[in-house]
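[1] Predicted model and sequence below, questions to follow.
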Amino acid sequence: QLQLAESGGGTVQPGGSLRLSCAASGLILEYYAIAWFRQAPGKEREGVVCINTSGAGATYADFVKGRFTFSLDNAKNTVYLQMNNLKREDTGVYYCAADPLGGSSCERHFEVRGQGTLVSVSS
């Protein structure tokens, strides 16, 4: 069974940092295109970063450029999202997704999706 499990969410003050983790089982992340999405209350899902297979190339949303960075640990079969200088508007449920078809576009179908982890940015 293909599964993704996110962790690392929480409540942080504006300007703070969090690192989200997405651990995979039943699939080898290195061979999948990976994405981090988020969905704020009452809003549609939006792509945060979408990563080509083997982590070779990524597309970041403009609203996170310079603040968020992904990394892929093949030994742990886990992808991370380091989020710095968080803003209130970054609040939402963050979830990861994966698909065996390569590419770094967020505008596409992803076969596997996790349940998400809540990030709340408030003072």
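    Structure's in. What do you need? Residues are numbered from 1 along each chain as shown.
[2] residues contacting the residue lying closest to N85 once chain neighbours are set aside?
    Computed as Cβ to Cβ, 6 or more residues apart in numbering, the closest residue to N85 that is not its neighbour in sequence is R67, at 4.8 Å. In this view, the C-beta of every residue, glycine as well, is placed from N, C-alpha and C. Residues counted as contacts of R67 (Cβ atoms under 8 Å, 6 or more residues apart in numbering) are 83-86.
[3] Would you map the helices across the chain?
    Using DSSP state H, the chain contains no helices.
[4] what's the distance between A98 and T78?
    Going from A98 to T78 by Cβ to Cβ, to the nearest Å gives 12 Å.
[5] what are the bridge partners for the one residue sitting closest to the centre of the chain, then?
    Among the residues of the chain, the smallest C-alpha distance to the mean C-alpha position (Cα atoms, centre = their mean) belongs to W36, namely 2.4 Å. According to DSSP bridges, the residues that bridge with W36 are V49, C96.
[6] Now do the end-to-end distance for stretch 104-111.
    15 Å (Cα to Cα, to the nearest Å).
[7] in it, what counts as buried?
    Neighbour counts using 16 or more other Cβ atoms under 10 Å place 104, 106, 110 of stretch 104-111 among the buried residues.
[8] same thing with stretch 32-45?
    For stretch 32-45, burial by neighbour count (16+ other Cβ under 10 Å) applies to 32-38.
[9] May I ask which of the buried residues of stretch 104-111 comes out lowest in pLDDT?
    Across these, no position has a lower pLDDT than S104, which has 86.
[10] thought that one was touching G47?
    No. Counting by Cβ atoms under 8 Å, S104 sits too far from G47 to count as a contact (10.2 Å).
[11] Can you work out which residues contact both of those two?
    T59.
[12] I am finished for the moment; much appreciated.
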